[in-house]
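Student: Make a model of this:
(chains A and B)
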Amino acid sequence: MAGSASSFRPALRPGQRFDTTAARRPILVFESVYKAFHADQPVLRGMDLVIERGEFVYITGPSGAGKSTLLKMVYRAETIDDGRILFLGRDIARLADDSIPYLRRNMGIVFQDFKLVPGWSVFDNVAVTLEVLGLPKRLIRSRVGEALERVGLSGRGGDPAGVLSGGEKQRVAIARAIVGEPAILLADEPTGNLDPQLAFDIQGLFEDIHESGTTVLFATHDRTLLETRPHRLVILDEGVATDVPQGLGHGEEPDSRVVQFRAVK
Amino acid sequence: MFDSLFSSAQRAIRAGKADIRLHVLSVFSLAVAFVCLASALLIVVNLQAIQTRWSRAGHASIYLRDGASEDDVLSLQRALEQTPGVLDTRYVSPSDARKQFLGDGVEGSLASLPIEAFPASIELKLAVDITPDAQAAIVTKLLALPQVDSVETYERWTERLANLVSGGVAASGVLAIVVFAAVVAVVASTMRLAMQRRRIEIEVLKLVGATDQFVRRPFILEGAMQGALGSLGAIALLGVLFLMVRDRFDASLATMLGIKPVFLPLPVVLGMVGIGAILGALASFAGVRKLSAV
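Tutor: This is a model prediction of the structure:
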């Protein structure tokens, strides 16, 4: 369903012609990305990172290391100070403001605090992604139904979002993120507000979504998750990103920075 | 286009229901502002109706000099009756004039006025559709006759009313500016407040790729609906008040004024509702111009 290599279509602007070379490019490339909120404390110091299509990548690091900032730069809620971020070959750091909505239509975003509209029903909270695209009502109904089924909330569309449990709210948020069949799923501490069992369930959902071909960037500081379901790991600390391709839990000794991070944790 | 408008309307209705108290309060405030303007317009409309009626009163009085003979009067009457626009003539002798005057209940020193104080006159009944120019031409010709002292066409009353009406129009214009400013302020404030209350909704919309236009559209529709409902509410309230007053409007007063009170004409009503909607939409657009930066 979500984003097989041949079906992905970057839609940075309405009516833009499909770029056939985009499918062969890495989905996300960070080139010497520099970002600082305070001049003496850069969050990222010339970060280089390549994320291929279909990868599952954990972003981790201590609080304040820049995990959320990195994701925000991808969906352009933050701008970079220097360098380039290429999304399917296009430098999204230099997108015009009016192109940002079209960039975000290619992404699904999940947050720690769910960001659901409490007064809306579960259906409305998920359907909003497709309403923005202007899809017909009938198609919206069927695709929202499918998305809710994937996250285990089939038949709950009429429930008010405000009365759901934390785990259910996060499932709705995930359904909203995947219903538009995004090329990449950005998850910013999606299990941060959930108890350990629910956190594993939610992580399992992300695994399922990843298996269907969607690229997943999963920011977390929960070591248990990193160890039990190992994937490529990017550790952010003191403005430097360290890439651990095999992730934790494979018996390989990560470099000194990982050890340092573990010690901090 | 229709789909997106329909979708925006649905979102506006959904949001309006969620913030119903806020919207009701806003519509009430707008209705109070609009009722002032509608009342002023109602007064102007009725004054204008009186002016129009009086300008077509179809009546003039030719006051004759004291020395005018019976033959002079008869020949003048014959000449007038053949003049286009003149329907009828009636001679009023000084004694008839005095009788009429005293018959109106005048008492005291006025009752002792001698008959010489009342000049003889010829009362003219003019066609309703006679133009002011044609009427003026008749007056000029009459004033040139030696037996005619003066001619009263009651134009001065029409002019006084016209002055009153133009003053009323000017006052309504000033009032309209004040009311429109109030409408803009109320709607813009309401929409800014609604935007704060729906921050999470706006944030979600922007995160899923909604354009600013898509986010703003329901707010603009809500503003337009508020403006339209506010003006409609004002007109409905004024309508009820008008019916209450009209039922107590004395028949003799109506006869004296020459008209029965009239309510605002449909184009004015539609114009007010339309202006309310447009102002509401513009104010709302101004209010939500700066969406939260997500």
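
Student: Show me what the one helix or strand B:Ile202 maps to is packed up against.
Tutor: Secondary structure from DSSP states H and E places B:Ile202 in helix B:199-207. Applying 3 or more CB pairs under 8 Å, 6 or more residues apart in numbering or on different chains; DSSP states H and E, we find helix B:199-207 packed against helix A:100-104, helix A:122-133, helix B:212-247. Heads up, the C-betas are built off the backbone N, CA and C, glycines and all.

Student: State the mean pLDDT of the last one.
Tutor: When you say that, I think you mean helix B:212-247. Helix B:212-247 carries an average pLDDT of 93.

Student: Any part of it near chain A?
Tutor: Yes - Helix B:212-247 reaches chain A (CB under 8 Å from any CB of the partner chain) through B:Phe214.

Student: Go ahead and list the helix or strand containing residue 36.
Tutor: Picking chain A for this. Assigned by DSSP H and E, A:Ala36 belongs to strand A:28-38.

Student: please go with chain B instead
Tutor: According to DSSP H and E, B:Cys36 maps onto helix B:20-55.

Student: wait, does that helix contact chain A?
Tutor: No - Helix B:20-55 does not reach chain A (CB under 8 Å from any CB); its nearest approach is 11.7 Å.

Student: buried sites along that helix?
Tutor: Applying a neighbour-count criterion of 16 or more other CB atoms under 10 Å in any protein chain shown, the buried positions in helix B:20-55 are B:22-23, B:26-27, B:29-42, B:44-51, B:54-55.

Student: Any idea how far whatever helix or strand comes next after that helix is from the middle of the chain?
Tutor: As assigned by DSSP H and E, the chain's next helix or strand after helix B:20-55 is strand B:59-64. The chain centroid and the centroid of strand B:59-64 are separated by 32 Å, computed with CA atoms, centre = their mean, to the nearest Å.

Student: How about strand B:59-64, which residues are buried there?
Tutor: Result for strand B:59-64 [16+ other CB under 10 Å]: buried residues B:60-64.

Student: What is the subsequent helix or strand relative to it?
Tutor: Going down the chain from strand B:59-64, the next helix or strand is helix B:70-81, by DSSP H and E.

Student: Residues contacting that following helix, please?
Tutor: For helix B:70-81, contacts defined as CB atoms under 8 Å, 6 or more residues apart in numbering or on different chains pick out B:62, B:64, B:86, B:88-89, B:91, B:120, B:122, B:124, B:145, B:147-148.

Student: Show me what secondary structure element comes after that helix.
Tutor: Proceeding N to C from helix B:70-81, the next assigned helix or strand is strand B:86-92, under DSSP H and E.

Student: follow-up on the earlier one: just want the angle from the helix holding B:Ile202 to helix B:212-247.
Tutor: 140 degrees (axes from the mean of the first three to the mean of the last three CA atoms, to 10 degrees).

Student: Could I have the CA atoms of helix B:199-207 written out in PDB?
Tutor: The C-alpha trace of helix B:199-207 is given here as PDB (Å, rounded to 0.1, in the frame of the first residue of the first chain):
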ATOM      1  CA  ARG B 199      -4.700  26.100  17.400                       C
ATOM      2  CA  ILE B 200      -4.300  22.400  17.400                       C
ATOM      3  CA  GLU B 201      -6.700  22.000  14.500                       C
ATOM      4  CA  ILE B 202      -4.700  24.600  12.500                       C
ATOM      5  CA  GLU B 203      -1.400  22.900  13.500                       C
ATOM      6  CA  VAL B 204      -2.800  19.500  12.400                       C
ATOM      7  CA  LEU B 205      -4.000  20.900   9.100                       C
ATOM      8  CA  LYS B 206      -0.700  22.500   8.300                       C
ATOM      9  CA  LEU B 207       1.200  19.300   9.200                       C
END
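
Student: Regarding the chain, what is its longest helix?
Tutor: Reading this off chain A. In chain A, with assignment by DSSP state H, the single longest helix is helix A:196-211.

Student: Can you look at chain B instead?
Tutor: With secondary structure taken from DSSP H, chain B has its longest helix at helix B:155-197.

Student: Is there any residue in it that contacts chain A?
Tutor: No - on the criterion CB under 8 Å from any CB, helix B:155-197 is out of touch with chain A, staying 9.8 Å away.

Student: could you say what helices and strands that helix packs with?
Tutor: Under the contact definition 3+ CB pairs under 8 Å, 6+ apart, helix B:155-197 sits against helix B:20-55, helix B:212-247, helix B:266-287.

Student: and of these, who's closest to B:Ala12?
Tutor: Proximity to B:Ala12 (CB to CB) singles out helix B:212-247 among the helices and strands packed on helix B:155-197, at 3.9 Å.

Student: I'm done for today, thanks for sticking with me.
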